[in-house]
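Peer 1: Got a sequence here, can you model it:
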Amino acid sequence: MLDHRRTGHCSTALEPRASNGTYDKEGSNGLSSCHHHSTIPHDACALPLEAYIEGSAQGKNAGTCANKLPFEVLGQIFELTVERVHFRLSDKLLRSHLKVGYSSGRIAPFNLLQVCRYWRAVAQSTSSLWTSLSGQRYWGSLPKVPAMKYCLEQSLSAPLHLHLSPRPDEPTFYPSHARQMFQLFATEVHRWRSLSIRFDTDLAEDFIAMLGVRDPATELPLLEELEISFVSETVPPPDTVQALISLLALLKPLRHVYWNRDRSLANIPLHNLPWKQLDTVYIDAPISVQDATSYISQSLSASNITILHLPQRLQPYGLNLPNPTAFLPNLTSLTLQAEVDPFSIFADLVLPNLQLLEITFLYFRPRNYAPLDRFLAKSQCRLQNIKFFMSSMLDEGVVNFLQIPHLRSIPSVQLGSFDVHQKTLNILKTHARAKSFPPRLLAWTANDCLRLPYVGWKDIEANETLNYLWQDGNLLLYKLDEVNCDHSACVFHP
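Peer 2: From the prediction side, this is the model:
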C-alpha cells in the first residue's frame with residue numbers, strides 16, 4: 001500500500017471526525033491537498049500504467065503520479081487493494097466478500113480515504129469497495145457495526161452482496177453480534193442483490209419476522225441469489241424452517257438458490273421453493289428420488305441443477321409430477337449424487353439442450369444402463385460431457401456402460417472408479433464382447449487432487465496421465481512421462 005509520508009504527494013493525513021465517522025483534515029471541511037514532488041518531471045504522469053507499477057516496485061517516486069491516473073483506472077487499482085475472503089458454507093462457493101470493518105482505518109478501503117482529496121473521491125465513488133460485505137467473525141475479530149454502517153452509507157443506492165454467519169462459540173449476550181449485523185443489513189433490505197446466510201434459531205426468527213410484516217416482493221425487489229445454511233448447534237426447529245421456505249416462494253426476483261443441509265433437518269420438504277422461476281438450483285440435503293424428480297420437473301427455467309444427497313430408505317412426500325413428461329428446454333447441466341439407482345429420474349424428462357450430466361454413485365453400483373440410453377434417445381440432447389464415478393465397479397457394469405449406443409456421439413465420456421483401470425483392462429484382454437466397444441477407448445488418471453482414474457474418451461489435459469489406449473481392437477499400454485510427454489507403448493492384440 002502506498003504511504004503518503006514517503007511519496008510526498010499529500011501534505012497531511014486525514015483524521016476521523018467523531019461526529020459522523022468520516023475522514024477530514026482536523027478543523028476544516030476540506031481535505032488535505034495534493035502536490036507533486038519538485039523532482040518529478042512535468043510529463044511523469046503521462047507514463048503508462050505498466051511504467052507506474054514497475055517504478056513503484058523499484059522504489060522510485062513513480063507513485064507520485066497515482067493521483068493523475070484516470071478515475072476508472074485508479075478505482076480498479078483500489079479494488080485490488082481490498083482484502084477479500086471466501087466464506088464457504090458448502091461445496092458451492094457463492095462469491096467473495098470484502099474484509100472490512102475488522103480494525104481501524106489502517107486497512108483498505110478505509111485507509112484510501114486518508115491519502116488525499118482525489119483518492120478519497122475515487123474511493124467513495126467506487127461502489128464495489130462498499131457493496132460486498134461480510135458480518136462474520138474472521139480469525140477471532142468481529143467487524144465493527146459503525147464501520148459496516150459507514151460502508152452501507154458509502155454504497156449509496158448500489159445493490160448489496162451480503163454474508164452473515166453466527167458462530168456457536170460467540171459470547172452469549174443479547175442481542176448477539178450476528179443479530180446486530182442482520183438488523184443493520186435489514187435497514188437496506190430493498191438493496192439486497194445476493195445474501196449468503198447461515199441461520200441459527202434467532203436469525204431464522206428475525207428473518208421471518210422481517211418478511212412477515214412486509215410484502216417480500218416489494219421489500220426485496222432485487223434479491224436474485226440466496227445461499228442458506230444452518231448452524232448445527234442451534235439449528236432452527238422444522239416448523240421455523242418450513243415457514244422460512246414458504247416465504248422464499250414470495251420472492252419473485254429470486255433466480256439462484258443454494259440450500260445446504262444439516263443432518264438434524266433430514267427430509268425437510270422443499271416443495272414450496274419457487275422452482276418454476278429458478279435458474280440455478282443447488283440442493284445439498286436428503287431428498288428422495290421421487291421428490292427430486294418432482295422438483296426437477298418443476299424447474300422449467302433452470303439451466304443448472306445440482307442435487308447432492310439421494311439417500312437410501314427415505315420416504316417421499318408423495319408429490320405428484322406436474323406433467324407426465326416434463327420438457328425442460330433451458331437445462332444445460334445436471335449433477336446428482338445418489339446412494340440408490342437415480343435413473344428413474346430420467347423416465348419422464350426431456351432435456352434437449354443438456355450439455356453436462358454428472359452422477360456420483362455412493363454405495364450403489366449400476367448394472368443396467370438401458371434407462372439412460374432411452375433417455376438419451378428420447379431427449380436427443382446435445383450432451384458434450386457425461387461423467388460417472390463410483391467407489392468400485394462390477395464387470396457387468398463396465399461392459400454395459402461402454403456398449404450404450406447413444407454414448408458414441410458424445411465428445412467427452414468419463415467412467416470412473418478406484419478399480420476401473422484394472423477391471424477394464426481385464427475385460428479388454430479376455431472378454432469377447434470387448435469387440436463391440438467403441439473403436440477408441442482411453443484410460444487416464446485425472447489431474448485433480450485425488451488423482452482419480454477414468455476410462456472413456458476425451459481430450460487429455462495437461463498433467464493427466466494416460467495409462468493405456470484401446471484403438472481399433474489393439475491395446476497399447478503406456479508409460480507416460482508427465483514432464484515432456486514422451487511415452488513408450490507396447491501393442492497387445494487381444
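Peer 1: how far does stretch 231-238 stretch from start to finish?
Peer 2: Start-to-end span of stretch 231-238 (CA to CA, to the nearest Å) is 14 Å.
Peer 1: and it, which residues are buried?
Peer 2: Across stretch 231-238, burial judged by 16 or more other CB atoms under 10 Å covers 231, 235-236. (C-beta placed from N, C-alpha, C; glycine too.)
Peer 1: for these, which one is nearest K252?
Peer 2: Closest approach to K252 among these (CB to CB): P236, at 24.3 Å.
Peer 1: contacting residues around the closest one?
Peer 2: 199-201, 204-205, 230, 244 (CB atoms under 8 Å, 6 or more residues apart in numbering).
Peer 1: and it, helix, strand or coil?
Peer 2: coil (DSSP: H, G, I helix; E, B strand; the rest coil).
Peer 1: do R193 as well
Peer 2: Using three-state DSSP, the structure places R193 in strand.
Peer 1: can I assume it is in contact with L220?
Peer 2: No. At 9.8 Å, R193 does not count as touching L220 under the criterion of CB atoms under 8 Å.
Peer 1: the more surrounded of the two?
Peer 2: L220 (25 against 17; other CB atoms under 10 Å).
Peer 1: ok, that one to L247 distance?
Peer 2: When distance is defined by CB to CB, to the nearest Å, L220 is 10 Å away from L247.
Peer 1: Between these two, which contacts overlap?
Peer 2: Common contact partners of L220 and L247 (CB under 8 Å, 6+ apart): L211.
Peer 1: Buried residues, the helix or strand where L244 lies. List them.
Peer 2: Counting by DSSP states H and E, the element that carries L244 is helix 238-248. Residues 240-241, 243-245, 247-248 are the ones in helix 238-248 that count as buried (16+ other CB under 10 Å).
Peer 1: pLDDT added to those residues, as TSV?
Peer 2: Output for the buried residues of helix 238-248, formatted as TSV (pLDDT from 0 to 100):
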residue	pLDDT
T240	91
V241	90
A243	91
L244	91
I245	91
L247	89
L248	89
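Peer 1: May I see those organised as CSV, with distance to Y282 added?
Peer 2: Putting the buried residues of helix 238-248 into CSV (distance: CB to CB, whole Å) gives the following:
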residue, distance to Y282
T240, 22
V241, 17
A243, 22
L244, 17
I245, 15
L247, 19
L248, 14
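Peer 1: Closest one to Q76 out of these, please.
Peer 2: Checking these against Q76 by CB to CB gives L248 as the nearest, at 35.5 Å.
Peer 1: Touching, that closest one and Q277? I think so.
Peer 2: No. Look at L248 against Q277 with CB under 8 Å: they stay out of range, at 10.8 Å.
Peer 1: on that earlier part again, where's the helix holding L244 relative to the chain centroid, distance-wise?
Peer 2: Between the centre of helix 238-248 and the centre of its chain there are 24 Å (CA atoms, centre = their mean, to the nearest Å).
Peer 1: ok so, going back, put the buried members of the contacts of P236 into a PyMOL selection.
Peer 2: Burial among those is assessed by 16+ other CB under 10 Å; the matching PyMOL selection reads:
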select buried, resi 199+200+204+205+230+244
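Peer 1: Please pull up the helix or strand immediately following the helix or strand where F388 lies.
Peer 2: Assigned by DSSP H and E, F388 belongs to strand 385-390. Elements were assigned by DSSP H and E; along the chain past strand 385-390, the next helix or strand is helix 395-402.
Peer 1: Next, the residues that contact that next one from outside, please.
Peer 2: With contact meaning CB under 8 Å, 6+ apart, helix 395-402 is reached by 365-369, 388, 407, 415, 420, 423-424, 426-427, 431, 433, 437-438, 441, 455.
Peer 1: what does whichever helix or strand comes after that helix rub up against?
Peer 2: Once the chain leaves helix 395-402, the next helix or strand it forms, by DSSP H and E, is strand 412-416. Applying CB under 8 Å, 6+ apart, the contact partners of strand 412-416 are 384-390, 393, 398, 401-402, 407, 446, 452-459.
Peer 1: Compute the inter-axis angle for strand 412-416 and strand 385-390.
Peer 2: 0 degrees (axes from the mean of the first three to the mean of the last three CA atoms, to 10 degrees).
Peer 1: In the sheet, which strands lie alongside strand 412-416, parallel or antiparallel?
Peer 2: In the sheet, strand 412-416 lines up against strand 385-390 (parallel), strand 453-457 (antiparallel) (DSSP bridges).
Peer 1: just the strands in the stretch 251-400 of the chain please.
Peer 2: For the stretch 251-400 of the chain, the strands defined by DSSP state E, counting those that start in this stretch cover 256-260, 280-284, 304-310, 326-327, 333-338, 349-350, 356-361, 385-390.
Peer 1: What average pLDDT does the second one get?
Peer 2: Mean pLDDT, strand 280-284: 92.
Peer 1: Pairing partners for L334 in the sheet, please.
Peer 2: Note on L334: beta-bridge partners I305, L357, judged by DSSP bridges.
Peer 1: pretty sure it contacts L357?
Peer 2: Yes. Contact criterion CB under 8 Å: L334 and L357 qualify, at 5.5 Å.
Peer 1: Low-confidence regions, the stretch 351-494 of the chain specifically.
Peer 2: Within the stretch 351-494 of the chain, the ranges that satisfy pLDDT under 70 run 432-433, 479-494.
Peer 1: change it to 80
Peer 2: When residues are selected by pLDDT under 80, those of the stretch 351-494 of the chain lie in 431-436, 448-450, 473, 477-494.
Peer 1: quick one: the closest residue to I386 other than its chain neighbours and I345, what's the gap?
Peer 2: Excluding its sequence neighbours, the residue lying closest to I386 (CB to CB, 6 or more residues apart in numbering) is L357, at 4.9 Å. Here L357 is placed at a distance of 11 Å from I345 (CB to CB).
Peer 1: would you turn the strands paired with strand 412-416 into JSON lines with mean neighbour count?
Peer 2: Listed next are the strands paired with strand 412-416 as JSON lines, based on neighbours: other CB atoms under 10 Å:
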{"stretch": "strand 385-390", "mean neighbour count": "21"}
{"stretch": "strand 453-457", "mean neighbour count": "23"}
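Peer 1: Can you add distance to P311 and give the ones you listed back as JSON lines?
Peer 2: Converted to JSON lines, the strands paired with strand 412-416 look like this (distance: least, CB to CB, whole Å):
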{"stretch": "strand 385-390", "distance to P311": "16"}
{"stretch": "strand 453-457", "distance to P311": "25"}
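Peer 1: between those, which one is nearest to S379?
Peer 2: Smallest distance to S379 across the strands paired with strand 412-416 (CB to CB): 12.4 Å, for strand 385-390.
Peer 1: quick one: contacts of that closest one?
Peer 2: Under the criterion CB under 8 Å, 6+ apart, residues 355-362, 364-366, 401, 407, 410-417, 452, 454, 458 lie in contact with strand 385-390.
Peer 1: Can you flag the buried ones in the residues you listed?
Peer 2: Neighbour counting over the contacts of strand 385-390 (16+ other CB under 10 Å) leaves 355-361, 366, 401, 407, 410, 413-417, 452, 454, 458 as the buried ones.
Peer 1: list the contacts for the residue nearest to P166 when sequence neighbours are not counted?
Peer 2: Computed as CB to CB, 6+ apart, the closest residue to P166 that is not its neighbour in sequence is A178, at 3.6 Å. Applying CB under 8 Å, 6+ apart to A178 gives the contacts 135-136, 164-167, 170, 200, 202-203.
Peer 1: Could you report the distance from A178 to F401?
Peer 2: Using CB to CB, A178 is found at 48 Å from F401.
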